[in-house]
Each structure stands twice: as C-alpha cells, then as structure tokens.
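Enquirer: Please find the sequence and the predicted model below.
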Number of protein chains: 2
Amino acid sequence: MTTKPAFLQQLKTFSKQIEDVLEHILPPPATRLHEAMRYSVLGGGKRLRSFFVWAASQLYDVEPTQALKAAAALELIQSYSLVHDDLPCMDNADMRRGKPSCHKVFGEATATLVGDALIPLAFETLSSLDVTPQIRLELIESLAHTIGSTGLVAGQMRDLDQEEWPRTFMGLVELQYLKTGILFGFAMEAGAILGSASVTERNSLKAYGILFGQAFQMKDDWLDGHGDEATLGKPAGQDAEKFTFLTLLGPDLLHERAENSITEAIRELHSFGERAAPLREAALYVMTQGK
Amino acid sequence: MTTKPAFLQQLKTFSKQIEDVLEHILPPPATRLHEAMRYSVLGGGKRLRSFFVWAASQLYDVEPTQALKAAAALELIQSYSLVHDDLPCMDNADMRRGKPSCHKVFGEATATLVGDALIPLAFETLSSLDVTPQIRLELIESLAHTIGSTGLVAGQMRDLDQEEWPRTFMGLVELQYLKTGILFGFAMEAGAILGSASVTERNSLKAYGILFGQAFQMKDDWLDGHGDEATLGKPAGQDAEKFTFLTLLGPDLLHERAENSITEAIRELHSFGERAAPLREAALYVMTQGK
C-alpha cells in the first residue's frame, strides 16, 4: 500500500476551501464567545470527515459551493464534539490539534457555550443551503439523528461509563461506531443525499464511511501505542489505561483487522467505478497515517 | 388586574397534552443518559413558552397535533438551556423546578450530554412535522438562529460576564431579551410560521412574545426579592448580589415598568380581536404570578 498523491492533493485543496467557507459561516470575532468559536473551528484538523461529504457529493456532480457548505456544517459538529469531549468533566484533555484545548484558553463555561452555539449553527447552515427543501430536510433529519442520544452523544456517554460495558471486541466496535464511524457514515450519506442518490447507492456510501471510520479508529488506537506527539497532536500513550482495540488485540492483530475493514470499505465502492478513485485512495491512505 | 380562569384552564389542559407528547418524543429510559433526559424534561415547569407556540398557532387553526409537536421541540430547548445553565461552571445551581438539578443527580458529564442530546432532538422533531417542507425549514432556521451565538447562548455568555457590561437599564433589557424574551418571541413566531401568517402578523406576534418575556423576567426579578422558595422552585434572594432589574430600579418602579411592557404586549394583539383572548389573559396573568 502506498500513499496516492491525487487524494492527498485533493484533500489539501479541499482543506483550504473549507477553511474559507468556515471563515464566512462563523461570526466575526467581536465577542469572547465568537473568538472561542473561531479558535475551536478554524486552522486545525485534517478535515477528513467534511472531505467525505464533498468527495461523495462529487460522484453526483453536486454544485461545489453547496457541497462545501454542507461539509462545513459537519465540521462545526466535529468541532463542537471535540470541545465538549475535552471538558474537565469529560476527558479532561489539555491539548487538541496541537494547541491548548478550548477550555484551557477560554475557560470551562465558554467552552461549554461554544459547543452549544456550534450545534445550531450547523443546522442553520444546512437549512439555508441552495438545494431543494426536501434535500435540506433530509440532511437536517439525518444529522440530528446522527448526533443525538442514540448516536454521537450515546458514544461519548458510553466512553465515560466504559467499566459498565462488557469488554468484548463487538462492544468496542459498537462504541467506536458511535464515537467515530457514525460521523464518517453521515459524511458519505450527506454527499449521497445532496446528489439525490438511489437508496442502494446511499447505503453503500454510508457503509463505506462507517467502515472507514472503524479502520481510522483502529489505526488511531494503534498509533497511540506507537506514534509520537507530533503525529498525534496530543501526548502519546494517554489511552494506555483505557480499554482500546490495542489493549484487546495487540498491535499485529489490530493492524490486520484495520486492513480488513479497509478492504470491506473499498468493496462498497465497486459500482462507482473510476469516479470513486479518491475515496479508494483515502481508504488506503488511512493505513499509512494517524489522525 | 385579576387572574382569568379561561387562560389558566387552557394552560392546565395544554400542560397535560405537552407532557404526553414529550413522553413519546423522548427515548424510553433504557440508559442512564435517557433517564437523565427524561428527568430534565418531564414533570416540571409551567410550560409557558411552549404554550405560546400552541396559543399563537390556534389563531390560525393549525392542526393541534402538529402544533403540540412544534411546541414540544421548544420545551426540549428550554430544558437543555436550564440543564446547561445550572452546571457548576455556569450558575452552579443545585435546585431546579423544585427538585435537584440534573448534574446533582446524574453528574456533570451526563448533564452536559443531556443538553447536547436535547438540541438535535428538537431539530429532529421539527424536521419530521407533518406540515409543508417550507414551514419545517422556516421553523428550523428560526430556532437555530434564536438559540445560537447571537441569541440564547450570547445571553448566557453575557450573564456570566456581567461585570464586563455597562450597568444600565438598556444593558439589562438586552441581556434579558437574549436570556428570556428571545425564546418567548420564537414561541409566538413559531405559531405564526405554522399558521402561514402574513409578515405583519408574524412580527406583531413575535413582538408580543418578546415584550411578554421582558415583563416575565422583570416579575421574576421582583419575586426574587419578595417571593418564597415554594413559589420560586428555588431559594429566594439568590440573585441579591447580581445586577438585576430589582437592584437597578427598586420594587415599585420595577413593577411599573413590567406593567408597561404588558400593556405594550397586549397592544400588539389588537388586530386579532377576540381570538387572542387567551394571549391577553396570559399577559395579565404574568403580573400576578412568578415562574
């Protein structure tokens, strides 16, 4: 497996474009709250989740401006979730994306409010897309369901209550689906919704996203045992006391499982032929890198 | 001014109906998170904000089931905002609606996640209403804007940073608009949106809501100086060190100002004639009661 420059180039171009869009969606830094929102959203992250909204939408020639706006909505959600996950009462993380976490800079109350404000901003962004009302509503409904109490929030809750859940492979798969895979699944599904994809194609793309997310998380666990702080953007080894794919499987079996998930993810792209090349390359790329 | 039994009877009937709707919208208490969501939303509060969604919508004969569902979405938002406002890093309140606050019972992390889950549930509820896609989108856009970083969240932020703002009457009016009036304004506007009201009527109803909210908050400040714990659902006098309408105006002038706002609110209902009777009565009622 080798890194494919075409995908990397696309991701790089996309990162710049999404940064511009986010810059416009976020309010100007006139208040401390808005400053903290910008601090938490702008200038950080690989933008991988939002890239998938764009990449999936381009299978259907969706108008790029609208695809970018929808992708930006997901990036707002991803940022909210990181800011709240880092709070002292949650994971109590001091660093995020290579800089101090939001609450370390702006305080706990502001960090809580940053998340509270980013969620409605994501929905406002989707509701004002220049696409049909039906597509906007499908995106809103799917996002709301994805990040709700049986989705993303359930994942964070379960992560905090880990000792109450059975320490099995399937238990971890479910936890990581809720914490990570579900957003990658939504990203791909959002692209399909924007493109008015058939149910079959929408399901395939969503499955690709979920499997990709699974491999991504496995690789992240693996890296936590092997990576250095520069690659991770946070201190390595901080999950050592947690129950992770690494502690359960060990490095070799974990790597194999991740590769299996990637193979399965790529299989979901079969019917899309050559146009899905960036998505195939993204899947292969995850095996060579960390977050 | 005397209490009008017709309005009180309507509010009582409505409270029971909205409780049933919320009971169905909230997930069953199968996990601690869902239990905490139900604890925070069900069985408490006068349901005054959501009542206004319903009351405004009935000026237009909106189908009651859909009006109740939309009203429930606002009740979810109101509950999220109370749960997050009560957090130790915010107002650090131990009691709410006469019982221990969510974080006192379920812990800080869970309380944070309860709020994080109630927000998308509100949007999911609106997106699945059985009304035209355009009406659903207008409700979603208006709610998102109302509770975002220039609305409800800005109000909470400003409340926390009170010493950074000028201690003037207009400063307080703006703060209380963002903290309270804006949700009453949205409630009335939501009813108007559901009823496909004209722009003029929509603006009048929204203005009524905002003015009602102002009087409501003034009365609340006044009560904090005069009420007892049973009326307030929380210890009296706990705002004594804060800068409030009461500390600025004193009880007599404050009461006069609140009455002025109520008179202005009622004036906004002029063109609706007899059908707006419950809304008129609600406005008069606020002067006789607390939260």
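Expert: Great, that's in hand.

Enquirer: Could I get the pLDDT score of the closest residue to A:T146 other than its chain neighbours?
Expert: Spatial nearest neighbour of A:T146, chain neighbours left out: A:F186 (4.3 Å); criterion: C-beta to C-beta, 6 or more residues apart in numbering or on different chains. Just so you know, the C-beta spots here come from the backbone N, C-alpha and C atoms, and that holds for glycine as well. Listed pLDDT for A:F186 reads 98.

Enquirer: Does anything pack onto the helix or strand containing A:F186? Which helices or strands?
Expert: Assigned by DSSP states H and E, A:F186 belongs to helix A:182-194. Secondary-structure packing of helix A:182-194 (3 or more C-beta pairs under 8 Å, 6 or more residues apart in numbering or on different chains; DSSP states H and E): helix A:48-57, helix A:64-85, helix A:133-147, helix A:152-160, helix A:199-226.

Enquirer: need the contact list for the residue nearest to A:T146.
Expert: Neighbouring residues of A:F186 by C-beta atoms under 8 Å, 6 or more residues apart in numbering or on different chains: A:L74, A:S142, A:L143, A:T146, A:K206, A:G209.

Enquirer: I'd like the distance between the second one and chain B.
Expert: Going from A:S142 to chain B by C-beta to the nearest C-beta, to the nearest Å gives 9 Å.

Enquirer: Distance of that residue relative to B:G148?
Expert: Distance, A:S142 to B:G148, by C-beta to C-beta, to the nearest Å: 21 Å.

Enquirer: same check, this time on the fifth one
Expert: A:K206 sits 28 Å away from B:G148, going by C-beta to C-beta.

Enquirer: Now do the same for the residue most central in space within chain A: its pLDDT.
Expert: What sits nearest the mean C-alpha location of chain A, by C-alpha atoms, centre = their mean, is A:R49, with 3.9 Å. Looking at A:R49, its pLDDT is 96.

Enquirer: does it really touch A:A72, like I thought?
Expert: No: using C-beta atoms under 8 Å, A:R49 is not in contact with A:A72; the gap is 11.1 Å.

Enquirer: ok, back up a step: most packed of the helices and strands packed on helix A:182-194?
Expert: helix A:48-57 (a mean of 27; mean count of other C-beta atoms under 10 Å in any protein chain shown).

Enquirer: That one vs helix A:133-147, what angle?
Expert: 150 degrees (axes from the mean of the first three to the mean of the last three C-alpha atoms, to 10 degrees).

Enquirer: now the angle from helix A:48-57 to helix A:182-194?
Expert: Here helix A:48-57 points in a direction 30 degrees away from that of helix A:182-194 (the same axes, to 10 degrees).

Enquirer: what residues does helix A:48-57 touch?
Expert: A:10-11, A:14-15, A:18, A:64, A:67-68, A:70-72, A:74-75, A:78, A:183-184, A:187-192, A:194-195, A:205, A:209, A:212, A:216, A:278-279, A:282.

Enquirer: With stretch A:97-106 instead?
Expert: With C-beta under 8 Å, 6+ apart, stretch A:97-106 has contacts from A:32, A:35-36, A:39-40, A:44-45, A:82-83, A:86-88, A:93-96, A:110-112, A:114, A:233-234.

Enquirer: List the buried residues of that stretch.
Expert: A:R97, A:S101, A:C102, A:H103, A:K104, A:F106 (16 or more other C-beta atoms under 10 Å in any protein chain shown).

Enquirer: quick one: the residue nearest to the centre of chain A from B:K206, how far?
Expert: In terms of C-beta to C-beta, A:R49 sits 36 Å off from B:K206.

Enquirer: and if you look at A:M37?
Expert: Shown here: A:M37 relative to B:K206, a distance of 26 Å by C-beta to C-beta.

Enquirer: repeat for A:I77
Expert: Looking at A:I77 against B:K206, where the rule is C-beta to C-beta, the gap reads 29 Å.

Enquirer: same check, this time on A:R38
Expert: A:R38 sits 30 Å away from B:K206, going by C-beta to C-beta.

Enquirer: same question, A:Q9
Expert: 49 Å.

Enquirer: A:T110 now?
Expert: Distance of A:T110 to B:K206, computed by C-beta to C-beta: 29 Å.

Enquirer: coming back round to it: hmm, which of the contacts of stretch A:97-106 are the buried ones?
Expert: Using 16+ other C-beta under 10 Å, the buried ones in these are A:32, A:35-36, A:39-40, A:44-45, A:82-83, A:86-88, A:93, A:95-96, A:110-112, A:114, A:233-234.

Enquirer: Among these, which are located in helices?
Expert: Secondary structure from DSSP state H places A:R32, A:E35, A:A36, A:Y39, A:S40, A:L82, A:V83, A:T110, A:A111, A:T112, A:V114 of these in helices.

Enquirer: which residues does the third one contact?
Expert: If I follow you right, that is A:A36. Residues near A:A36 by C-beta under 8 Å, 6+ apart: A:C102, A:V105, A:F106, A:T110, A:A111, A:L113, A:V114.

Enquirer: pLDDT at it, what is it?
Expert: Looking at A:A36, its pLDDT stands at 98.

Enquirer: separation between it and B:A215?
Expert: A:A36 is 33 Å from B:A215, by C-beta to C-beta.

Enquirer: What of the second one?
Expert: Counting by C-beta to C-beta, the gap between A:E35 and B:A215 amounts to 34 Å.

Enquirer: again with the fifth one
Expert: For A:S40, the distance to B:A215 under the criterion C-beta to C-beta works out to 37 Å.

Enquirer: go on, the fourth one?
Expert: Between A:Y39 and B:A215 the distance, using C-beta to C-beta, works out to 38 Å.

Enquirer: In the stretch 151-291 of chain A, where is pLDDT below threshold?
Expert: Scanning the stretch 151-291 of chain A for pLDDT under 70 picks out A:227-241, A:289-291.

Enquirer: let's go with 90 and repeat that
Expert: For the stretch 151-291 of chain A, residues meeting the criterion pLDDT under 90 lie at A:161-167, A:220-244, A:285-291.

Enquirer: interface residues of it facing chain B?
Expert: Counting by C-beta under 8 Å from any C-beta of the partner chain, the stretch 151-291 of chain A comes close to chain B at A:V153, A:A154, A:Q156, A:M157, A:L160, A:D161.

Enquirer: On the three-state scheme, A:A197 is what?
Expert: coil (DSSP: H, G, I helix; E, B strand; the rest coil).

Enquirer: no, scratch that, I was asking about A:P28
Expert: Using three-state DSSP, the structure places A:P28 in coil.

Enquirer: That one: neighbour count?
Expert: Under the neighbour criterion other C-beta atoms under 10 Å in any protein chain shown, A:P28 is assigned a count of 10.

Enquirer: I'd say it and A:H34 touch.
Expert: Yes: at 6.7 Å, A:P28 and A:H34 qualify as touching, with contact defined as C-beta under 8 Å.

Enquirer: Pick out the most distant pair among the ones in helices among the buried ones among the contacts of stretch A:97-106.
Expert: A:R32 and A:L82 (19.1 Å; C-beta to C-beta).

Enquirer: nearest residue to A:A117 other than its sequence neighbours?
Expert: Using C-beta to C-beta, 6+ apart and skipping residues adjacent in sequence, the residue nearest A:A117 is B:S149, 3.7 Å away.

Enquirer: contacting residues for the one you found?
Expert: A:P27, A:L33, A:H34, A:M37, A:A117, A:L121.

Enquirer: let's see 6 Å
Expert: B:S149 is in contact with A:P27, A:L33, A:A117, counting by C-beta atoms under 6 Å, 6 or more residues apart in numbering or on different chains.

Enquirer: ok, so of those, who is nearest B:E174?
Expert: Closest approach between the contacts of B:S149 and B:E174, by C-beta to C-beta: A:L33, at 14.9 Å.

Enquirer: And the spatially closest residue to that closest one that is not a sequence neighbour, how close does it get to A:V114?
Expert: Once flanking residues are discounted, A:L33 sits nearest to B:M157: 4.6 Å by C-beta to C-beta, 6+ apart. For B:M157, the distance to A:V114 (C-beta to C-beta) stands at 10 Å.

Enquirer: do A:D20 as well
Expert: Distance from A:D20 to A:V114, by C-beta to C-beta: 21 Å.

Enquirer: cool, A:P27 as well?
Expert: From A:P27 to A:V114 the distance is 12 Å (C-beta to C-beta).
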